[in-house]
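[1] Sequence and predicted structure, then a few things I'm wondering about:
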Amino acid sequence: MTPPFSQLAVGLDDIARQGLYRSRRVIASPQSINLDIDGRNVVNFCSNDYLGLANHSGVVNAFKAGVDRYGVGSGSAHLVCGHSAAHHALEEELAAFTGRDRALLFSTGYMANIGVISALLGRGDAVFEDRLNHASLLDGGLLSGARFKRYAHADVVDLGANLDKAQGNKLIVTDGVFSMDGDFAPMDELAVAAKNHNAWLMVDDAHGLGVIGEQGGGILEYFGLSQQDVPVLMGTLGKGLGTFGAFVAGPDLLIETLIQKARTYIYTTAMPAAVAEATRVSLKIAIEENWRRDKLKQLSERFRLGAEQLGLQVMPSASAIQPILIGDSQSAVDISNALLNAGFLVSAIRPPTVPQGSARLRVTFSALHQEQHVDRLLDALARIILGRK
């Protein structure tokens, strides 16, 4: 008898031949700029913990106090018996932070994106997505049953040509800061296009919230856009804010609709209340400690200047995400492994996460990095990448 799943081996072999095989590394230390991997200490340049809050003592202590008060598990979905006072307080604080009527917590950003798009659209409607949108946004659009159209990256002219042909409810969906390129969506132009075509506009600001803008308000603060300009805002808690989960913020009618219709909200267990308590503290730190954003900007600019001087092909990014374009997938993996041997953890990003032929090293910074870390990474990149040429 044929063993179960034996036919899957061919597919796995094919993935490996293309240099696209993925594997996990086991971390034996808290998330920070230094990680313990297989008994080795390495400098971490691939985390999304941009503000350095994932292991902040105040956030950790808030989590512990939350466990003492609420226990570990939330017990149920928000609509059954899982919605605690901590969840409710966090939602109110997130709404105030983002300048919106209300906010609604989701267990993950992936679930938030799928839930929102599917709740707002159906057959007869249309969704328009940037070609480089995150997989969760693309999946949400496809699962909604609406007519699905991708427009050229950050190309509002191409978007407008497609909007002209659409019928029913129309939703424009974009990342705020694109996670693999680090560039910004043209939110001001998208807001104008949405108004001109009577469409809704949704932004996933996972990599901008807490990080971009003078007060950390993200991509919408950067462009000076309001709830009226961009009615649907999705933000995650596990990146700039250092904890776990996500939220959607917007008008009261939007939030009430999601409570009634978003299946990924209705039919899943709420995040632990202790996580909400920890996030309330991390949100306060993110708002008050502007030095973290200033430090990120300084480090990113120092790295970018150094990489350009070395002749490395950095991508156009003004964020804490500074990718180096390599091209070939196996080459990107080989360089990433060589960096690990040199004491630096830098992820190789390959298709299908990025387009074919655009494999890259995704270098990300934390406010906890120091200039010496940046300079040491640049030295290692020079030895490894330039030594291959």
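    Thanks, I have the structure now.
[2] only C-alpha atoms for contact and neighbour calcs from this point on.
    Will do.
[3] Which helix or strand contains Ile385?
    helix 371-385 (DSSP states H and E).
[4] Report all helices and strands that the lengthiest helix in the chain contacts.
    Secondary structure of the chain per DSSP state H: the longest helix is helix 291-310. Where contact means 3 or more CA pairs under 8 Å, 6 or more residues apart in numbering; DSSP states H and E, helix 291-310 is packed against strand 321-327, helix 371-385.
[5] Now do it: distance to the chain's middle.
    Taking CA atoms, centre = their mean, to the nearest Å, one finds helix 291-310 lying 20 Å from the centre of the chain it belongs to.
[6] And it, what's buried?
    By 16 or more other CA atoms under 10 Å, the buried positions in helix 291-310 come out as 292-293, 295-297, 299-301, 303-304, 306-307.
[7] pLDDT weak spots in the protein?
    389 (pLDDT under 70).
[8] What ranges does it have for its strands?
    All strands of the chain, identified by DSSP state E, fall at 34-37, 40-44, 102-106, 126-130, 147-151, 170-175, 200-204, 232-236, 246-250, 321-327, 344-345, 347-349, 359-364.
[9] Number of residues surrounding Gly210?
    Applying other CA atoms under 10 Å, we find 31 residues neighbouring Gly210.
[10] Not counting its neighbours along the chain, what's nearest Leu325?
    Here the nearest residue to Leu325 in space, its sequence neighbours aside, is Arg360; by CA to CA, 6 or more residues apart in numbering that works out to 4.4 Å.
[11] Give me the number of neighbouring residues for the one you found.
    Neighbour count of Arg360, defined by other CA under 10 Å: 29.
[12] Throw the strands of the chain into JSON lines and include distance to Ile114, thanks.
    Converted to JSON lines, the strands of the chain look like this (distance: least, CA to CA, whole Å):
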{"stretch": "strand 34-37", "distance to Ile114": "32"}
{"stretch": "strand 40-44", "distance to Ile114": "30"}
{"stretch": "strand 102-106", "distance to Ile114": "11"}
{"stretch": "strand 126-130", "distance to Ile114": "13"}
{"stretch": "strand 147-151", "distance to Ile114": "14"}
{"stretch": "strand 170-175", "distance to Ile114": "12"}
{"stretch": "strand 200-204", "distance to Ile114": "12"}
{"stretch": "strand 232-236", "distance to Ile114": "11"}
{"stretch": "strand 246-250", "distance to Ile114": "12"}
{"stretch": "strand 321-327", "distance to Ile114": "25"}
{"stretch": "strand 344-345", "distance to Ile114": "31"}
{"stretch": "strand 347-349", "distance to Ile114": "23"}
{"stretch": "strand 359-364", "distance to Ile114": "25"}
